[in-house]
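**Student:** A structural model of the following input is requested.
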Amino acid sequence: MEPLRTSSVVCPGAERWGIAGTATPFEPFASALGGLPREAFLARIVDPVLLVTRAPRAVGDASSEFSTLILRPAAPRSGGEALLVPVIKRAGANPFGMMVTVGRAGNNDLVLTDPSVSKLQCYFHRYDGRWRLSDPGSTNGTFVDGARLRRGEGVLLRPRARVQVADTYEATFLLPEDLLELVAEREAGRPFGQRAG
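**Tutor:** Residues are numbered from 1 along each chain as shown. Model (predicted):
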């Protein structure tokens, strides 16, 4: 069986989150794959994801008379609109083969269209089997667990690290094992981030 990449489901409404490309709404994803045994889930989901829980609405959103950004809540709620965005290279996007780039420019692997995001905001890369996040010098900063990344320095991402891009996007970095645990928490009726124990 071929692994299911989280990018295989296109979210038609992702543009209103200011995210160009593919994204998967968390609730339908969890409903569809929640019953899988651990081994089957991890055989199908092979890439890390960002669980985006806050993003600006796209300019021209019918619910706002002004062009002011309206931010989503910082944590998903039952029936909320959290999106899973794969942390993967996009074929032909850019020459940076060892990194997954994030930024406003269309040649990034993950394009965030809000003007507060730099053309190249940050990038994910694997180092000694672990994921790191670096900011090459963005204007409005990239934050991990509340701490702003220094220009050119990377930080190892802990399980469920909180990532903030500029002051507009918030997400949780999830490895496939973390995503499986989050789906199990949802099935058990526990609020986001509340682990058993």
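**Student:** which residues sit in contact with the most centrally placed residue in the chain?
**Tutor:** For the chain, the residue lying nearest the average C-alpha position, counting by CA atoms, centre = their mean, turns out to be residue 50 (2.2 Å). Each residue near residue 50 by CB atoms under 8 Å, 6 or more residues apart in numbering is listed here: 84-85, 87, 110, 163, 171-174. Placement of C-beta: from N, CA and C, glycine included.
**Student:** Now do the same for it: helix, strand or coil?
**Tutor:** strand (DSSP: H, G, I helix; E, B strand; the rest coil).
**Student:** do residue 111 as well
**Tutor:** Following three-state DSSP, the label given to residue 111 is strand.
**Student:** roughly how far apart are it and residue 94?
**Tutor:** For residue 111, the distance to residue 94 equals 11 Å [CB to CB, to the nearest Å].
**Student:** which stretches of this protein form helices?
**Tutor:** Using DSSP state H, the helices of the chain run over 26-33, 38-44, 176-187.
**Student:** Could I get the contacting residues of residue 41?
**Tutor:** By CB under 8 Å, 6+ apart, residue 41 lies in contact with 33, 176, 180, 183.
**Student:** By neighbours, which of the residues you listed wins?
**Tutor:** Note: the member of the contacts of residue 41 with the most neighbours is residue 183, at 21 neighbours, neighbours being other CB atoms under 10 Å.
**Student:** doesn't residue 31 make contact with it?
**Tutor:** No - shown here, residue 183 and residue 31 do not form a contact pair, counting by CB atoms under 8 Å, at 9.2 Å.
**Student:** what's the neighbour count on residue 111?
**Tutor:** Around residue 111 there are 19 other residues, counting by other CB under 10 Å.
**Student:** Tell me what it is bridged to.
**Tutor:** Each beta-bridge partner of residue 111 is listed here: residue 20, residue 103, as defined by DSSP bridges.
**Student:** Next one: it from residue 161, what distance?
**Tutor:** Using CB to CB, one gets 21 Å for the distance from residue 111 to residue 161.
**Student:** go on, residue 99?
**Tutor:** 17 Å.
**Student:** Show me the strands in this protein, by range?
**Tutor:** Taking DSSP state E as the test, the strands found in the chain are 19-20, 24-25, 49-54, 83-86, 100-103, 110-112, 122-127, 130-134, 142-144, 147-148, 154-156, 162-165, 169-174.
**Student:** can I get these in JSON lines with mean pLDDT?
**Tutor:** Putting those into JSON lines (pLDDT from 0 to 100) gives the following:
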{"stretch": "strand 19-20", "mean pLDDT": "60"}
{"stretch": "strand 24-25", "mean pLDDT": "84"}
{"stretch": "strand 49-54", "mean pLDDT": "91"}
{"stretch": "strand 83-86", "mean pLDDT": "89"}
{"stretch": "strand 100-103", "mean pLDDT": "92"}
{"stretch": "strand 110-112", "mean pLDDT": "89"}
{"stretch": "strand 122-127", "mean pLDDT": "94"}
{"stretch": "strand 130-134", "mean pLDDT": "96"}
{"stretch": "strand 142-144", "mean pLDDT": "97"}
{"stretch": "strand 147-148", "mean pLDDT": "96"}
{"stretch": "strand 154-156", "mean pLDDT": "95"}
{"stretch": "strand 162-165", "mean pLDDT": "96"}
{"stretch": "strand 169-174", "mean pLDDT": "95"}
